[in-house]
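> 3D model of this:
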Amino acid sequence: MFVNIWGKNIWYDIYGAEHSDTLLYLHGGPGASSLDFVNQAKALSRKMKVIIFDQLGVLRSDAIAENESYSMEYQIEMVEEMRKILGIEKWSVLGHSYGGMLAVLYASACPDSVHKIILECPSLWFEDSARSTAEYLSEHIHSLNNGEAVKLWEKVRFADYQDKTEVVWDLSALLGYVTDMELRFYLHGITLDEYEMSMDTTDIANEMWSKGEQHLKKLLEAQPEPAGSAQKKVMMTDNLLPVIPRIAAPMLLINGKYDPACTRNQIEYIMNNAQNVTQAVFEDSGHFPRLEEAEKYTNTVLSFLDRG
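All right, here's what the predicted structure looks like:
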């Protein structure tokens, strides 16, 4: 299904349409899709309405043209417009990884629209997540006996980046050296084959996947406003942890024990500064608890959302 928002066709799907309580899923990436949440959406839909969608410029949704701008603020404005178009008074939001950034920005900007917020393995401070990921990859990178790979690893792990967008491309390049696919995708409780089997790609044309690169590129082009401006645009490379204390909605933090992206620094900040937070640690998971410990994940989310 598609919803037209400001002239752009955004792909979405609804599970459990008969329910009134609604959960919106915000996928990560940037530039990934909602494909790997479908099985959870089906499981959760026994008790609630679950809406998944591909963000603008991702997979089944319209592409972002070269001459168009795109930002995180624009995406959360689209989320709020979608809520209005679909006739939903209030919903809970669940953001995974980069989707956690969108979730906290949306909950802060539109508090009257959000019932509860769930953060699954959020990466709210990209540079911190990148350093942690480099540490996580240390043994593998050094085992390659590749000087260029080690040099790049040292940069990501220790450099004080002046241009924060540079760390995004450096981390991507570093991951390109990783030959262990489970390690590369931050998996622990499942194999890469099991991860890929969780996604039904029958109707996905090959050219759809390349949209995600433009999506990421446009996010990184969304430069901050000039000095002295009343407002500063939010960048995905910004540290968004300070947004956490401003969120009044009850919050659930889900983190995998072996996930390098949701770092100890970020977990501690969230637990110490959120107004109303509960934590659920998944002991046999990396970055994808919804797939690695699927039944526990379903029960944890439903239990949290069922509370008064």
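> tell me the contacts of the residue lying closest to F126 once chain neighbours are set aside?
Excluding its sequence neighbours, the residue lying closest to F126 (Cβ to Cβ, 6 or more residues apart in numbering) is T237, at 5.1 Å. The way it works is simple: take the backbone N, C-alpha and C, and place the C-beta from them, glycine included. With contact taken as Cβ atoms under 8 Å, 6 or more residues apart in numbering, T237 is in contact with F126, E127, K164, T165, V167, V168, L220.
> just put those in CSV and tack on pLDDT.
Compiled in CSV, these are given as follows (pLDDT from 0 to 100):
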residue, pLDDT
F126, 97
E127, 97
K164, 93
T165, 94
V167, 97
V168, 97
L220, 92
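> let's see which of those end up in helices.
F126, E127, T165, V167, V168, L220 (DSSP state H).
> and the residue nearest to F126, which of the three is it?
Judged by DSSP: H, G, I helix; E, B strand; the rest coil, the three-state class of T237 is coil.
> tell me which residues of stretch 254-268 are tucked away?
By 16 or more other Cβ atoms under 10 Å, the buried positions in stretch 254-268 come out as I254, N255, G256, Y258, D259, P260, A261, C262, T263, Q266, I267.
> chain center to that stretch: distance?
Distance of stretch 254-268 from its chain centroid, counting by Cα atoms, centre = their mean, to the nearest Å, is 13 Å.
> quick check: phi and psi on A280?
Per-residue torsions, A280: phi -130, psi 110 (degrees, to the nearest 10).
> I figured it hits L252, correct?
Yes. Here A280 lies in contact with L252, judged by Cβ atoms under 8 Å, at a distance of 6.5 Å.
> and for those two, which residues touch both?
With Cβ under 8 Å, 6+ apart, A280 and L252 have common neighbours T300, F304.
> kindly state the beta-bridge partners for F282.
G256 (DSSP bridges).
> for it, which residues are in contact?
F282 is in contact with I254, N255, G256, K257, P289, E292, E293, K296, Y297, counting by Cβ under 8 Å, 6+ apart.
> for A173, what is the enclosing helix or strand?
Secondary structure from DSSP states H and E places A173 in helix 165-176.
> against which helices or strands is that helix packed?
Here helix 165-176 touches helix 126-136, helix 147-158, helix 211-221, going by 3 or more Cβ pairs under 8 Å, 6 or more residues apart in numbering; DSSP states H and E.
> what are the contacting residues of the helix or strand following that helix?
Downstream of helix 165-176, the first helix or strand assigned by DSSP H and E is helix 181-184. The contact list for helix 181-184 (Cβ under 8 Å, 6+ apart) reads Y136, L137, H140, L175, V178, H188, T191, L192.
> all helices for the stretch 1-150 of the chain, in order.
Ranges of helices within the stretch 1-150 of the chain are 38-44, 72-85, 98-109, 126-136, 138-143, 147-158, based on DSSP state H, counting those that start in this stretch.
> how far away is the closest residue in space to F2 that isn't next to it in sequence from D36?
Counting by Cβ to Cβ, 6+ apart, F2 lies nearest to N9, which is 4.5 Å off, once chain neighbours are set aside. According to Cβ to Cβ, to the nearest Å, N9 and D36 sit 22 Å apart.
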